[in-house]
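In: Sequence first, then the predicted structure, then my questions.
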Amino acid sequence: MSHALFRNLTSKNPCMVRGEGIYLFDSEGKRYIDGASGSSLVCNIGHGVKEVAAVLTPQAAELAYNPFHCSHSRAYEDMAERMIRLTPQGFGKVFSVSSGSEAVENTVKFGRQYQVARGLPSKHLVISRWQSYHGNTLGALACSGYTGRRRKHTPILKDAVHIPPAFCYRCHFEKTYPGCELKCARALETAILQEGPENVSAFIAEPVVGAALGGAPAPPGYFQKIREICDTYDVLFIADEVMCGLGRTGANFAIDHWSVAPDLIATGKGMGSGYFPMGASLISDAVSTTVQARGAAFEGVHTCCGHLLGSRVAAVILDYMTKNDLVRNSKQQGELLLQGLEELQASRPSVGDVRGLGLMCGVEFVKDKATGEPYPPELKVAERVMDACLGRGLIVFPGHGTVDGTAGDHLLIGPPLVITSQQVGDLLGILKDAIHAVEKETLT
Ligand SMILES: Cc1ncc(COP(=O)(O)O)c(C=O)c1O
């Protein structure tokens, strides 16, 4: 009997023992295409990268950890310098932590400190969106609009305000872009006015929604409108780029697609690419200088923030991304992947929508393509397709709730950014076969 607690308590998952590029190998020698870069788009640079292995052991032997409260390390400085080269203009500070949830929470706290430093202590509320995911710790979960993960815990979550997502396939306002005049963005203005601008600290959003919507980018113009509203009401804009950042969508940060600069960015996942648990808050000069001008230190300390060994690994990863032109490859292969998914949508009756940006794509399953009617949640369509893929040697990430938080099945597809065109074809072949099998066995 295993004493290790797994997410899925009933199924017997394969035991992974080796990785190479986009492939994972289990203890039986079976090969899998890692079509989700780990558990939800983490391992951006691929598995088994020797450059990372080459720094881990010597650095651990020399010094793995330094006391953050009274010392610093060259590794942390090097990582921060590389990270800032990738951020939008006007960002000058990096604060590293050990996960995306911590990154989100600290980013929100930096925003709050900024408001207090400016003498605006009533600004405390964070507005976010339904069908979003910002992490699973209580503070991050309060921001998250992922019903399946938050509902049981609602009584112990801090109150948060949620507006509808920017999701054209299932527009909450039943409008069509561009005739909608971005009602979903304008909903932020309504929420700010309802709460009172003097009470609102920040708005947080994923430029491309990952786990909760399956690779759904906001429409053109959305974040420009959001920026305008935030400026009008003196509200900070936080981009949650934990999943969609660092090359994943074919740009350094996904928000670059809208040519908008946020005030704060939360990042993670690809930063450590699974080799080390890493996340970070990226802070614009306007925020950091305001807080520092008041002589205040940022209050966001954790045991492993600024981790020396983690920073060393992240610096190698960021260099690897640049040297191997992974942002460009993500854009090119992502276009190919989306094109293949569109063909899949045309040929498979259960595929209602496909979407994505770069190598962050999604497939949504529907019972009726014409109306978008979802399958009953108890059919667990996304899990069935995931299992069918796993059996055929492909890992994908399932999700639910695109319709109303409960109904709606989707898959997130995001292989490592090193994938080749031929491998994109292989991935699509297995996916098509798996969907076909599930349709035949259970959906008809
Ligand atoms: C957009 C986004 N924010 C935050 C998080 C939380 O990151 P972590 O699971 O590393 O705590 C995730 C994780 O999936 C995410 O996708």
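Out: Sure thing, it's come through. Numbering: from 1, shown residues only.
In: CA only for contacts and neighbour counts going forward, please
Out: Fine.
In: what sits against I33?
Out: Going by CA atoms under 8 Å, 6 or more residues apart in numbering, I33 touches I22, Y23, L24, G393, L394, I395, P415, L427.
In: Sheet partners, orientation included, of the helix or strand hosting it?
Out: Using DSSP states H and E, I33 sits in strand 31-34. Paired strands of strand 31-34, with direction, are strand 23-26 (antiparallel), strand 394-395 (parallel) (DSSP bridges).
In: Quick one: closest of the ones you listed to the ligand.
Out: Nearest to the ligand, of all these, is strand 394-395, at 15.9 Å by CA to the nearest ligand atom.
In: mind listing the strands for the stretch 201-350 of the chain?
Out: Counting by DSSP state E, counting those that start in this stretch, the stretch 201-350 of the chain has these strands, from start to end: 208-209, 216-217, 236-241, 264-267, 279-284.
In: before we move on, back to that, present the strands paired with strand 31-34 as CSV; the columns should include distance to C244 and mean pLDDT.
Out: Compiled in CSV, the strands paired with strand 31-34 are given as follows (distance: least, CA to CA, whole Å; pLDDT from 0 to 100):
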stretch, distance to C244, mean pLDDT
strand 23-26, 21, 98
strand 394-395, 19, 98
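In: quick revisit: out of the strands of the stretch 201-350 of the chain, which gets nearest to N252?
Out: Closest to N252 of the strands of the stretch 201-350 of the chain is strand 236-241 (CA to CA; 10.2 Å).
In: How far does the closest one sit from its chain's centre?
Out: Computed by CA atoms, centre = their mean, to the nearest Å, the chain-centroid distance of strand 236-241 equals 12 Å.
In: Check which helices and strands it is in contact with.
Out: helix 100-117, strand 200-205, helix 222-232, strand 264-267 (3 or more CA pairs under 8 Å, 6 or more residues apart in numbering; DSSP states H and E).
In: Just want the angle from it to helix 100-117.
Out: Angle, strand 236-241 to helix 100-117, by axes from the mean of the first three to the mean of the last three CA atoms, to 10 degrees: 170 degrees.
In: Just want the angle from strand 236-241 to strand 200-205.
Out: 30 degrees.
In: sorry, back to before: could you pull up the mean pLDDT of the strand holding I33?
Out: Taken as a whole, strand 31-34 has a mean pLDDT of 98.
In: Deepest in the core, which of the strands paired with strand 31-34 is it.
Out: Counting by mean count of other CA atoms under 10 Å, strand 394-395 has the highest mean neighbour count of those, with a mean of 26.
In: Any figure for the gap between N8 and E383?
Out: Using CA to CA, to the nearest Å, we find N8 at a distance of 11 Å from E383.
In: what's the answer for R248, then?
Out: 24 Å.
In: if you compare the helices and strands packed on strand 236-241, which one is most tucked away?
Out: Mean neighbours per residue, mean count of other CA under 10 Å, is largest over the helices and strands packed on strand 236-241 for strand 264-267, with a mean of 30.
In: Run me through the strand neighbours of it, direction for each.
Out: Neighbouring strands of strand 264-267 in its sheet, by DSSP bridges, are strand 236-241 (parallel), strand 279-284 (antiparallel).
In: The ligand is nearest to which of the ones you listed?
Out: Here strand 236-241 is closest among those (CA to the nearest ligand atom), at 5.4 Å.
In: now the angle from the closest one to helix 222-232?
Out: Relative orientation of strand 236-241 and helix 222-232, computed by the same axes, to 10 degrees: 150 degrees.
In: near the ligand at all, strand 236-241?
Out: Yes. Using CA under 6 Å from any ligand atom, strand 236-241 reaches the ligand at D240, E241.
In: who touches that strand?
Out: Looking at strand 236-241 with CA under 8 Å, 6+ apart, the contacting residues turn out to be 104, 107-108, 111, 134, 201-207, 226-227, 230, 253-255, 262-268.
In: try 7 Å this time
Out: The contact list for strand 236-241 (CA atoms under 7 Å, 6 or more residues apart in numbering) reads 111, 201-207, 227, 230, 253, 262-267.
In: So for stretch 87-105, mean pLDDT?
Out: 97.
In: Show me the contact partners of that stretch.
Out: Applying CA under 7 Å, 6+ apart, the contact partners of stretch 87-105 are 80, 84, 134-137, 139-140, 242, 253, 261, 266-269, 277-285, 304-306.
In: repeat for stretch 295-312
Out: The contact list for stretch 295-312 (CA under 7 Å, 6+ apart) reads 59-60, 64-66, 68, 73, 75-76, 79, 95-98, 106, 110, 276, 278.
In: Alpha carbons of it, as PDB, please.
Out: Taking Å, rounded to 0.1, in the frame of the first residue of the first chain, the C-alpha atoms of stretch 295-312 are listed here in PDB:
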ATOM      1  CA  GLY A 295      11.200  53.800   3.300                       C
ATOM      2  CA  ALA A 296       9.100  50.700   3.500                       C
ATOM      3  CA  ALA A 297      10.500  47.200   2.800                       C
ATOM      4  CA  PHE A 298       8.300  44.800   0.800                       C
ATOM      5  CA  GLU A 299       6.600  42.400   3.200                       C
ATOM      6  CA  GLY A 300       6.500  39.100   1.400                       C
ATOM      7  CA  VAL A 301       9.000  36.800   3.100                       C
ATOM      8  CA  HIS A 302       9.000  33.000   2.800                       C
ATOM      9  CA  THR A 303      11.600  30.500   3.800                       C
ATOM     10  CA  CYS A 304      12.600  29.800   0.200                       C
ATOM     11  CA  CYS A 305      12.300  33.200  -1.400                       C
ATOM     12  CA  GLY A 306      15.300  34.300  -3.500                       C
ATOM     13  CA  HIS A 307      16.400  30.700  -3.400                       C
ATOM     14  CA  LEU A 308      20.000  30.400  -4.500                       C
ATOM     15  CA  LEU A 309      19.900  27.000  -6.200                       C
ATOM     16  CA  GLY A 310      16.500  27.800  -7.700                       C
ATOM     17  CA  SER A 311      17.700  31.100  -9.000                       C
ATOM     18  CA  ARG A 312      20.700  29.400 -10.600                       C
END
